[in-house]
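Chemist: Coordinates only, no sequence provided:
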Ligand code: C5P
C-alpha cells in the first residue's frame with residue numbers, strides 16, 4: 001500500500017498533472033486547525049490548492065490561512081461576504097493583506113457592494129481573484145418565491161452572473177448545472193468555480209445534483225472544489241488520483 005501510494009504520488013506530482021492540479025481546491029471542511037493541517041500534510045505532496053470555508057475559518061481564522069500560505073499553498077477563502085459596501089470593502093482590504101488566491105462575496109449583495117468589493121481588492125497589495133456566489137444550491141424555486149424574489153433560480157443565476165461581470169468581478173461560484181447559463185452571459189475568461197463534483201458511483205452526500213470532473217470541465221468549469229469525495233475517502237490520495245485523472249481527461253477536450 002505504502003509503495004503503491006508513493007508511485008501514485010510521483011505520478012500526480014509530475015508536470016503532466018500541473019494544469020489539472022492548478023484547477024482544483026480541496027475543501028478543508030473540518031472543525032479544527034489540527035484536523036485541517038493533518039489533511040494538508042497528507043495531500044500537499046499532490047495538491048497545493050485548498051478551500052477554507054466558514055466553519056474552519058470561524059474555528060481557526062487567519063492564523064490557519066497564514067499557516068497554509070507559509071507552506072506555499074494556494075488558498076481559496078470561501079467566506080461569502082455579504083454586507084453594506086463599506087463593510088465588505090473593509091473586510092476585503094483586511095483579507096488582501098495576505099496573498100490568498102481567491103475570495104468570494106455574495107453577488108446578491110447588489111451592484112454597489114460588488115463595485116466596492118472590486119475597488120477594495122484592486123487597491124490591495126496582493127490582489128486576490130474576486131468571485132461572486134450566485135444562488136445557493138440549497139435554494140429551490142419555491143424557496144425563492146417564498147422569499148419574494150419573484151424569479152426562478154436559473155433566471156436569478158443569470159442576472160447575478162451578469163452583475164458580477166458588469167462590476168468587474170473575476171468570476172462566479174456556480175453549480176455545474178448552471179454552467180451553460182453563466183457562459184451565455186459572461187466572457188470566456190470569466191472564472192467559473194464549481195463545487196458538487198462526484199465521479200459516478202461515489203456517494204453524493206447531501207448534494208442534490210452532482211457532476212463528474214471531466215464533464216464539468218468540458219461544460220466550462222475553470223476550477224473545481226473537491227470535498228468529501230476526497231477528504232472522507234478511506235484512501236484520500238487514491239481518491240484524489242481518480243479525480244485528477246478525470247480533470248485531466250476533461251482538460252484534454254478544452
Ligand atoms: O463535500 P462536497 O464536495 O460536497 O463539498 C463541496 C464544498 O463546496 C463544500 O465546502 C461546500 O460548502 C461548498 N459549496 C457547495 N455548494 C455551493 C457552494 C459551495 O457545496 N453551492
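Modeler: Arrived safely. It should be emphasised that the depicted structure is a prediction, and the values quoted were computed from it without experimental measurement. Numbers count the residues shown, from 1 in each chain.

Chemist: Would you mind naming what in the stretch 151-254 of the chain lies close to the ligand?
Modeler: Residues of the stretch 151-254 of the chain that fall close to the ligand, judged by Cβ under 6 Å from any ligand atom: 173, 175, 195, 196, 205, 207, 225, 227, 228, 229. All C-beta spots, glycine's among them, are computed from the backbone N, C-alpha and C.

Chemist: who does the helix or strand hosting the last one touch, helix- and strand-wise?
Modeler: Translated: residue 229. Assessed by DSSP states H and E, residue 229 sits inside helix 228-231. Helices and strands touching helix 228-231, by 3 or more Cβ pairs under 8 Å, 6 or more residues apart in numbering; DSSP states H and E, are strand 24-27, helix 236-251.

Chemist: Can you tell me which of the ones you listed is most buried?
Modeler: Compared across the helices and strands packed on helix 228-231, strand 24-27 shows the largest average neighbour count, a mean of 24 (mean count of other Cβ atoms under 10 Å).

Chemist: Now do the helices for the stretch 151-254 of the chain: every range, in order, please.
Modeler: 153-166, 179-185, 213-218, 228-231, 236-251 (DSSP state H, counting those that start in this stretch).

Chemist: Now do the residue lying closest to residue 97 once chain neighbours are set aside, the pLDDT please.
Modeler: Once flanking residues are discounted, residue 97 sits nearest to residue 125: 6.7 Å by Cβ to Cβ, 6 or more residues apart in numbering. What the model reports as pLDDT for residue 125 is 88.

Chemist: ok so, going back, and the helices of the stretch 151-254 of the chain: which comes nearest residue 68?
Modeler: helix 228-231 (15.0 Å; Cβ to Cβ).

Chemist: Report the buried residues of stretch 224-232.
Modeler: Of the residues in stretch 224-232, 224, 225, 226, 227, 228, 229, 230, 231 count as buried by neighbour count, 16 or more other Cβ atoms under 10 Å.

Chemist: Tally up the residues packed near the residue nearest to residue 97, please.
Modeler: Residue 125: 9 surrounding residues under other Cβ atoms under 10 Å.

Chemist: repeat for the one 10 residues further on
Modeler: Neighbours of residue 135 under the rule other Cβ under 10 Å: 27.

Chemist: Just the pLDDT for it.
Modeler: Reading off the model, residue 135 has pLDDT 93.

Chemist: What are the neighbouring residues in contact with it?
Modeler: Applying Cβ atoms under 8 Å, 6 or more residues apart in numbering, we find residue 135 in contact with 108, 144, 153, 156, 157, 160.

Chemist: got a list of what whichever residue of the chain sits closest to the ligand touches?
Modeler: Nearest to the ligand, among the residues of the chain, is residue 227, at 2.3 Å (Cβ to the nearest ligand atom). Neighbouring residues of residue 227 by Cβ under 8 Å, 6+ apart: 26, 27, 29, 195, 197.
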